[in-house]
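Visitor: Curious how this folds, go ahead:
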Amino acid sequence: MNIEQARFNMIEQQIRPWEVLDPRVLELLFVVKREDFVPAIYRNLAFADMEIPLGSGQVMLAPRVEAKLLQELGVKKGDKILEIGTGSGYMAALLAAHAEQVISFEIRPELAVFARENLQRAGISNVTIETGCGLTNAGGYGMFDVIVISAAVPAVPETLLKQLRVGGRMAVVVGEAPAMEAQLITCTEVGIYNTVNLFETVVPCLEGVTPKSGFAL
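Guide: Predicted coordinates:
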């Protein structure tokens with residue numbers, strides 16, 4: 001497989017048609033090597049328009065979904081970012097490129113190890129990966145400029161909303177299959193939030209979250 005041609009095709013055929021046109025995002029997709037964050041057995045599928053299995057029911061989101069969320073978040077230099085659901089570490093790597101610091105929580109210890117190895121190999125040093133449930137354990141890290149939940153939740157966790165600084169943005173997929181919506185939530189004033197629906201999708205639910213009305217905020 002011609003890796004660079006496959007990467008170019010991914011950007012031109014999958015990502016641009018999804019109205020991801022921010023030059024910073026497109027350049028980043030060339031710089032951060034997605035194939036280095038994919039399990040070896042799926043390396044040939046690194047640029048396919050699909051979710052890539054990571055084991056234990058976890059996946060890497062499709063490239064166009066990752067790119068769209070990254071564009072909408074508009075990460076800026078100096079941003080402090082919280083990610084819930086590290087997976088392979090690829091989204092954390094994209095976020096870290098323009099941020100000051102990324103704190104990423106992964107509930108699966110084996111995936112946390114995999115992500116740390118991938119990030120270290122890529123020379124990315126401003127990502128800290130914590131093993132555990134970020135919904136309940138991120139409170140000690142203070143306020144954030146950006147929060148990303150890299151899986152679906154039945155409802156937006158209010159505890160995380162309260163960790164958004166004024167002007168902060170959260171990307172999250174809300175709902176239950178087959179009706180899920182990717183949303184961008186911006187904290188406009190203390191306790192005041194503006195929600196924009198970005199696109200409909202179906203992605204795996206965040207592990208550790210009850211996918212029904214019993215979900216407690």
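Visitor: A171 sits in which helix or strand?
Guide: Taking DSSP states H and E as the criterion, A171 maps to strand 164-176.
Visitor: Return the distance of that strand from the chain's centre.
Guide: In terms of Cα atoms, centre = their mean, to the nearest Å, the gap separating the centre of strand 164-176 from the centre of its chain is 11 Å.
Visitor: Can you tell me the SS state at the residue nearest the centre of the chain?
Guide: Within the chain, one residue has its C-alpha closest to the average C-alpha position: by Cα atoms, centre = their mean, that is S150, at 4.1 Å. The assignment at S150 comes out as strand when based on DSSP: H, G, I helix; E, B strand; the rest coil.
Visitor: Need the pLDDT of it.
Guide: Per-residue pLDDT puts S150 at 92.
Visitor: And for the worst-scoring helix or strand of the chain on mean pLDDT, what's in contact with it?
Guide: Taking mean pLDDT, DSSP states H and E as the measure, helix 134-137 is the helix or strand of the chain with the lowest mean score, a mean of 90. When contacts are defined by Cβ atoms under 8 Å, 6 or more residues apart in numbering, helix 134-137 is touched by residues 82-85, 104-105, 107, 130, 157, 159-160, 206, 208-209. C-beta: built from backbone N, CA, C; applies to glycine.
Visitor: cool, stretch 92-101 as well?
Guide: Outside stretch 92-101, the residues within contact range by Cβ under 8 Å, 6+ apart are 24, 28-29, 31-32, 37, 66, 70, 73, 75-81, 83, 86, 102, 104, 115, 118-119, 122, 124, 126-129, 145-146, 148.
Visitor: quick check: longest helix of the chain.
Guide: Among all segments of the chain classified by DSSP state H, the helix with the greatest residue count is helix 109-121.
Visitor: Using neighbour counts, pick out the buried residues of it.
Guide: L111, A112, F114, A115, R116, N118, L119 (16 or more other Cβ atoms under 10 Å).
Visitor: Report the distance from it to the chain centre.
Guide: What separates the centre of helix 109-121 from the centre of its chain is 15 Å, taken as Cα atoms, centre = their mean.
Visitor: now the helix or strand just after that helix: how far from the chain's centre is it?
Guide: The first helix or strand that comes after helix 109-121 along the chain, using DSSP H and E, is strand 127-131. When C-alpha coordinates are averaged (Cα atoms, centre = their mean), strand 127-131 and its chain have centres 14 Å apart.
Visitor: Can you give the strand pairings for strand 127-131, parallel or anti for each?
Guide: Based on DSSP bridges, the strands next to strand 127-131 in the sheet, each with its direction, are strand 101-106 (parallel).
Visitor: And the pLDDT at P204?
Guide: If you check P204, the pLDDT there is 89.
Visitor: Hmm, I typed the wrong one, I wanted S213.
Guide: pLDDT, the model's per-residue confidence, is 46 for S213.
Visitor: Output the contacting helices and strands for the host helix or strand of L26.
Guide: Under the assignment given by DSSP H and E, the secondary-structure element containing L26 is helix 23-31. Taking 3 or more Cβ pairs under 8 Å, 6 or more residues apart in numbering; DSSP states H and E as the contact definition, the neighbouring helices and strands of helix 23-31 are helix 63-73.
Visitor: Just want the angle from the helix it packs on to strand 164-176.
Guide: Using axes from the mean of the first three to the mean of the last three Cα atoms, to 10 degrees, the inter-axis angle of helix 63-73 relative to strand 164-176 is 150 degrees.
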